[in-house]
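**Student:** mind folding the following:
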Amino acid sequence: MLRAASLRAIVGVRATASSARRARDDKPPRRTLRAASSTSASVSSTTIAPFCELLSRDESSSNATRPLAVVIGWFGCELRHVKKYAMMYVDAEWDAVAVAPPSVSTLVPSVADTYGDYVLRALSKRQAMERRGPIVVHVASNGGFIFAGNLMLKARNGDARARALFDRTKGFVFDCAPGNLRPDIIARAAAAVIGGASATTEPAPIFEAFAKALMMRPSIDARLRSIDEVWGKAPASSVEDASWTPPHCPAMFAYSEADVLISPREIEAFARLREEKTGARSDLHKYHDAAHCEIGREASRFDDYRKKVHTFLSEIRGATVQ
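**Tutor:** Predicted structure coming up:
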């Protein structure tokens, strides 16, 4: 009953937000699914869970050991936007799962857990992990970082499907992430989502008051702290389960000096910290004029981003999978 109610809440919130955006603005979307190769028509897209699709080349064999990218979108994103970035991996002959976590699943632990179970179950049923090679997890903004962190917490707590995901993970890609989560960041992100525009420095006092109250709730505060801990962003407050640790693998960071939501200094600090803690390298790629989570908005910048991702993948693909 809880799972059904949570899913209805997820669908209801997403449908309401989408309807509101369409009612305010009938302009065509700014982001569209884009493939680099002439064979883009051969890409199949299969819904495997709510707001979650598997993208693959039609000619790929279900028995082939193919690498997989799990691409998790930002707060308030739409699936079609996430699929554009997932196509970077399909163009590199990887399969990709695009996930657009509903906004409510970012900050409400019970909904995050329920939706996370749907995604993990879908991956398991589709055998998207068992028959494939190494996995790369791509997270966008704090929203993607938080949702992936929730999945990582499941792995730490013994969830077999979550462990299967992260035990095969051989690389991370961080897109405009992570930053230090504060009420003003949540507020301005929410204002951008509802307004259907890029984030700005303009204060959003009503949203900020709500975000502050939300973050003060003990369950939410504890969950966000646990997520920072499992990512290694904050010191562990308790003895960790020695039977499982998050993957210590290379990471790529794509971020922008012009980002008004997440400071590039915070991203760089996390990259250095992660490198020190794990011994795995961090590749930093800074852009100078891209808005938050819009590195791929312009064609020339998207092409450069894709090339950098492909270079990173070429080093990951040969990684040994246990």
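
**Student:** drop to CA atoms for contacts and neighbour counts, all remaining ones
**Tutor:** Noted.

**Student:** which parts of the chain are strands?
**Tutor:** For the chain, the strands defined by DSSP state E occupy 43-49, 52-57, 66-72, 95-99, 132-140, 169-175, 251-256, 282-287.

**Student:** out of these, which gets nearest to Glu315?
**Tutor:** Closest approach to Glu315 among these is made by strand 169-175 (9.5 Å; CA to CA).

**Student:** could you check the angle the closest one makes with strand 66-72?
**Tutor:** Relative orientation of strand 169-175 and strand 66-72, computed by axes from the mean of the first three to the mean of the last three CA atoms, to 10 degrees: 40 degrees.

**Student:** can you map out the helices along the stretch 1-150 of the chain?
**Tutor:** With helices called from DSSP state H, counting those that start in this stretch, the stretch 1-150 of the chain shows them at 2-24, 79-90, 104-107, 109-125, 141-156.

**Student:** thinking again about what came up before, point out the most buried one among the strands of the chain.
**Tutor:** Ranked by mean neighbour count, the strands of the chain are led by strand 95-99 with a mean of 28 (mean count of other CA atoms under 10 Å).

**Student:** sheet partners, orientation included, of that one?
**Tutor:** strand 52-57 (antiparallel), strand 66-72 (parallel) (DSSP bridges).

**Student:** what's the angle from it to strand 132-140?
**Tutor:** 30 degrees.

**Student:** quick one: strand 95-99 to helix 141-156, angle?
**Tutor:** Relative orientation of strand 95-99 versus helix 141-156 (the same axes, to 10 degrees): 110 degrees.

**Student:** need the strands paired with strand 95-99 in a markdown table with mean pLDDT and distance to Glu202, can you?
**Tutor:** Putting the strands paired with strand 95-99 into a markdown table (pLDDT from 0 to 100; distance: least, CA to CA, whole Å) gives the following:
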| stretch | mean pLDDT | distance to Glu202 |
| --- | --- | --- |
| strand 52-57 | 92 | 32 |
| strand 66-72 | 93 | 27 |
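
**Student:** can I get those in TSV including distance to Tyr118?
**Tutor:** Converted to TSV, the strands paired with strand 95-99 look like this (distance: least, CA to CA, whole Å):
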stretch	distance to Tyr118
strand 52-57	9
strand 66-72	14
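
**Student:** quick one: closest of those strands to Phe253.
**Tutor:** strand 66-72 (14.0 Å).

**Student:** still on that earlier bit, for Leu123, which of the strands paired with strand 95-99 is the nearest?
**Tutor:** Smallest distance to Leu123 across the strands paired with strand 95-99 (CA to CA): 8.9 Å, for strand 52-57.

**Student:** C-alpha coordinates for that closest one, CSV please?
**Tutor:** Taking Å, rounded to 0.1, in the frame of the first residue of the first chain, the C-alpha atoms of strand 52-57 are listed here in CSV:
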residue,chain,number,x,y,z
CYS,A,52,13.1,5.7,-16.7
GLU,A,53,14.1,4.4,-20.2
LEU,A,54,16.7,2.0,-21.6
LEU,A,55,18.4,3.2,-24.8
SER,A,56,20.3,0.8,-27.0
ARG,A,57,21.2,0.1,-30.6
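
**Student:** follow-up on the earlier one: of the strands paired with strand 95-99, which approaches Asn180 most closely?
**Tutor:** Comparing those under CA to CA, the one sitting nearest is strand 66-72, at 18.6 Å.

**Student:** what sits up against the closest one?
**Tutor:** Applying CA atoms under 8 Å, 6 or more residues apart in numbering, the contact partners of strand 66-72 are 82, 85-86, 89, 94-101, 128-129, 131-140, 144, 147-148, 317.

**Student:** can you report how many residues neighbour Phe302?
**Tutor:** 18 (other CA atoms under 10 Å).

**Student:** coming back round to it: among the strands paired with strand 95-99, which comes closest to Ser300?
**Tutor:** Nearest of the strands paired with strand 95-99 (CA to CA): strand 66-72, 21.2 Å.

**Student:** and that closest one with helix 79-90, angle?
**Tutor:** Using the same axes, to 10 degrees, strand 66-72 lies at 150 degrees relative to helix 79-90.

**Student:** now do strand 66-72: distance to the chain's middle.
**Tutor:** Centre-to-centre, strand 66-72 and its host chain are 11 Å apart (CA atoms, centre = their mean, to the nearest Å).

**Student:** ok, stretch 168-177 next?
**Tutor:** The answer for stretch 168-177 is 9 Å, by CA atoms, centre = their mean.

**Student:** what mean pLDDT does that stretch get?
**Tutor:** Per-residue pLDDT over stretch 168-177 has a mean of 97.

**Student:** show me where pLDDT drops low in this structure?
**Tutor:** Applying pLDDT under 70 to the chain flags the ranges 1-41, 58-64, 126-132, 192-193, 195-197, 199-201, 203, 238-242, 318-322.

**Student:** give me the residues contacting stretch 210-224.
**Tutor:** Residues outside stretch 210-224 that contact it (CA under 8 Å, 6+ apart) are 107-109, 146, 182-184, 186-187.
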